[in-house]
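Colleague: curious how this folds, go ahead:
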Amino acid sequence: MGPLPFLVLFFALASCTSVTSLAPVGLTPALLAPGDFEGTWLTDDVAFSLEVAHTNGLLRLSWIEPSPDQGGVPSPPGGKKPAADSLGRIPKAPPRFKSALIEVRRFEDWTIANIQDPDHPERKNWFWALMESAPGELRFRVPEASPFSNLVATGVLPGRFEGGSVVLDRLDSNALGRLRQAAKLPLWGTNELHWRRHGRH
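Modeller: Coordinates of the predicted model:
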């Protein structure tokens with residue numbers, strides 16, 4: 001599993017419930033210093049590269065993903081099996097380079113990371129989490145579905161329900177202000193996604 005599927009699964013609390021938004025959460029793009037972000041990063045499961053795609057709130061996440069292997073023979077683009085060599089060996093397909101953009105936004109003292117899944121462009125929802133940084137470290141706090149369900153049901157936040165998940169509408173400054181006030185409640189899951197920088201570019 002590459003880092004993006006890992007991120008999306010984590011931001012969805014690795015379950016059938018999640019809190020997503022129809023637009024990136026946050027009021028203004030965060031100002032990003034390349035020296036704070038660029039380099040090779042690690043989680044417990046994967047390694048990936050991070051760079052500042054634009055200092056005005058845009059990070060690029062890049063990684064190498066093995067090609068899918070079905071029954072021992074990988075399926076290349078177009079569905080044709082790779083040709084055998086002179087000894088009849090069928091080589092595995094090469095790994096694929098993949099990347100995705102993370103929109104980083106600010107509201108008051110919050111920094112918020114937003115990401116979509118490029119493997120499923122038909123899904124317009126943004127996964128998001130509060131992002132906290134320290135030298136060589138990034139931590140992400142994931143919104144929990146149950147308390148956000150209450151905020152939507154009581155009209156504090158605009159949104160709707162899809163199964164056990166919550167889909168927020170675009171949050172303007174007033175809605176973000178109400179969310180900031182509600183943050184005195186336990187809105188975030190107990191698990192955190194932790195990135196550690198292994199080296200700089």
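Colleague: how far away is the residue nearest to Gly136 when sequence neighbours are not counted from Phe107?
Modeller: Spatial nearest neighbour of Gly136, chain neighbours left out: Arg197 (4.5 Å); criterion: CB to CB, 6 or more residues apart in numbering. Heads up, the C-betas are built off the backbone N, CA and C, glycines and all. Between Arg197 and Phe107 the computed distance is 25 Å (CB to CB, to the nearest Å).
Colleague: try Gly189
Modeller: Between Gly189 and Phe107 the computed distance is 20 Å (CB to CB).
Colleague: ok so, going back, which of the helices or strands spans the residue nearest to Gly136?
Modeller: Counting by DSSP states H and E, the element that carries Arg197 is strand 188-199.
Colleague: tell me how many other residues surround the spatially closest residue to Trp195 that is not a sequence neighbour.
Modeller: In this structure, Trp195 finds its nearest non-sequential neighbour in Leu138, 4.2 Å apart by CB to CB, 6+ apart. Residues near Leu138, counting by other CB atoms under 10 Å, number 20.
Colleague: ok so, going back, any figure for the gap between the residue nearest to Gly136 and Ser62?
Modeller: 15 Å.
Colleague: please apply the same query to Glu144.
Modeller: Counting by CB to CB, the gap between Glu144 and Ser62 amounts to 29 Å.
Colleague: higher neighbour count, these two?
Modeller: Glu144 (19 against 15).
Colleague: quick one: stretch 137-150 to chain centroid distance?
Modeller: 13 Å (CA atoms, centre = their mean, to the nearest Å).
Colleague: mind listing the helices for this structure?
Modeller: Along the chain, the stretches classed as helices by DSSP state H are 3-11, 34-37, 145-153, 173-182.
Colleague: mind showing which ranges of the protein have poor pLDDT?
Modeller: Judged by pLDDT under 70, the chain has its weakly predicted residues at 1-16, 68-82, 117-121, 191.
Colleague: show me the strands in it, by range?
Modeller: 19-21, 28-29, 39-42, 47-54, 58-65, 69-70, 73-74, 96-107, 110-115, 126-134, 137-143, 159-162, 165-168, 188-199 (DSSP state E).
Colleague: same for the fifth one, what does it pack against?
Modeller: Strand 58-65 is packed against helix 3-11, strand 47-54, strand 96-107, with contacts defined by 3 or more CB pairs under 8 Å, 6 or more residues apart in numbering; DSSP states H and E.
Colleague: quick check: buried residues in that strand?
Modeller: For strand 58-65, a neighbour-count test (16 or more other CB atoms under 10 Å) marks Leu58, Leu59, Arg60, Leu61, Trp63, Glu65 as buried.
Colleague: identify, from those, the entry nearest to Thr17.
Modeller: Taking CB to CB as the measure, Thr17 sits nearest to Leu61 out of those, at 24.1 Å.
Colleague: tell me who's in contact with the residue lying closest to Thr111 once chain neighbours are set aside.
Modeller: Leaving aside its sequence neighbours, Thr111 sits nearest to Met131 (CB to CB, 6+ apart; 4.7 Å). By CB atoms under 8 Å, 6 or more residues apart in numbering, the contact list for Met131 reads Val104, Thr111, Ile112, Ala113, Leu138, Arg139, Phe140.
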